[in-house]
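*Asks:* here is a sequence together with a model predicted from it:
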Amino acid sequence: MQELFNIFIKSIFIDNMVFAYFLGMCSYLAVSKTVNTSFGLGIAVVFVLGITVPVDYLLNKYILEAGALSWLGEGFAEVDLSFLSFIMFIAVIASMVQLVEMVVEKFAPALYNSLGIFLPLIAVNCAILGGSLFMQEREYESIAEATSFGLGSGVGFFLAIIGIAAIREKIKYSNVPAPLRGLGITFIITGLMGIAFMSFMGIKL
């Protein structure tokens with residue numbers, strides 16, 4: 001249990017998808033103009049990462065990696081389908097994003113309209129694919145660890161986009177120099193937030 005908690009906390013603060021790896025920056029910058037839309041996208045990302053990472057873990061462990069098909073018989077023990085990882089991971093992600101899009105459109109049409117094209121673009125969000133690829137690279141030993149990592153990564157993205165959205169709403173009332181208004185000051189604040197999150201690297205887990 002402690003190991004799962006460590007993975008969860010580390011993926012939120014130390015290995016934050018936005019501030020540590022700068023993944024998912026397109027939707028992070030485009031949607032973070034208001035807290036409401038950022039909240040909706042953040043929840044969607046948490047859900048998608050929380051589902052796709054463990055599903056991709058099972059897919060990788062029992063189908064894709066070298067020797068994973070040995071459960072089918074000795075003749076399949078040497079089969080290595082790891083070259084299909086990218087396309088299979090993306091297929092799972094696209095399926096889950098389509099499900100999220102349908103649910104949001106049905107139950108929260110206002111949020112669906114405000115998110116616009118960036119909701120279906122979660123399917124090609126590099127933070128989502130990065131979650132599955134990091135899971136594969138780090139070779140987690142159980143589906144519980146993969147799930148903890150996926151949820152933590154989603155929560156990390158959620159905190160990042162909510163944080164920048166709250167700052168951008170407040171900064172509208174500040175006297176920002178004209179050349180820096182909009183994305184300019186957002187990039188500067190994101191860099192400063194990234195430096196701030198680096199302080200969590202001192203946490204011993």
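*Replies:* That came in fine, so what should we check first? Values in this document were obtained by computation on a predicted structure and should not be read as measured data.
*Asks:* quick one: the strands in this protein?
*Replies:* Per DSSP state E, the chain carries no strands over any range.
*Asks:* lowest-confidence helix or strand of it?
*Replies:* helix 109-115 (a mean of 82; mean pLDDT, DSSP states H and E).
*Asks:* which residues of the protein score low on pLDDT?
*Replies:* Across the chain, the ranges flagged by pLDDT under 70 are 204-205.
*Asks:* what packs against the helix with the most length in it?
*Replies:* Secondary structure of the chain per DSSP state H: the longest helix is helix 143-171. The elements that helix 143-171 packs onto, with contact taken as 3 or more C-beta pairs under 8 Å, 6 or more residues apart in numbering; DSSP states H and E, are helix 2-9, helix 25-31, helix 35-59, helix 126-138, helix 183-198. Just so you know, the C-beta spots here come from the backbone N, C-alpha and C atoms, and that holds for glycine as well.
*Asks:* closest to Met17 out of those?
*Replies:* For the helices and strands packed on helix 143-171, distance to Met17 was read as C-beta to C-beta. The smallest value, 4.3 Å, belongs to helix 126-138.
*Asks:* run a quick neighbour tally on Val55.
*Replies:* For Val55, the neighbour count with other C-beta atoms under 10 Å is 20.
*Asks:* quick check: closest non-adjacent residue to it.
*Replies:* If the residues on either side of it in the chain are set aside, Val55 comes closest to Val92, at 5.3 Å by C-beta to C-beta, 6 or more residues apart in numbering.
*Asks:* again, but for Met193
*Replies:* Phe19 (5.9 Å).
*Asks:* quick one: that neighbour from Ser199, how far?
*Replies:* Distance of Phe19 to Ser199, given as C-beta to C-beta, to the nearest Å: 11 Å.
*Asks:* ok, the two, which is more surrounded?
*Replies:* A direct count of neighbours by other C-beta under 10 Å for Phe19 and Ser199 places Phe19 higher, at 25 against 9.
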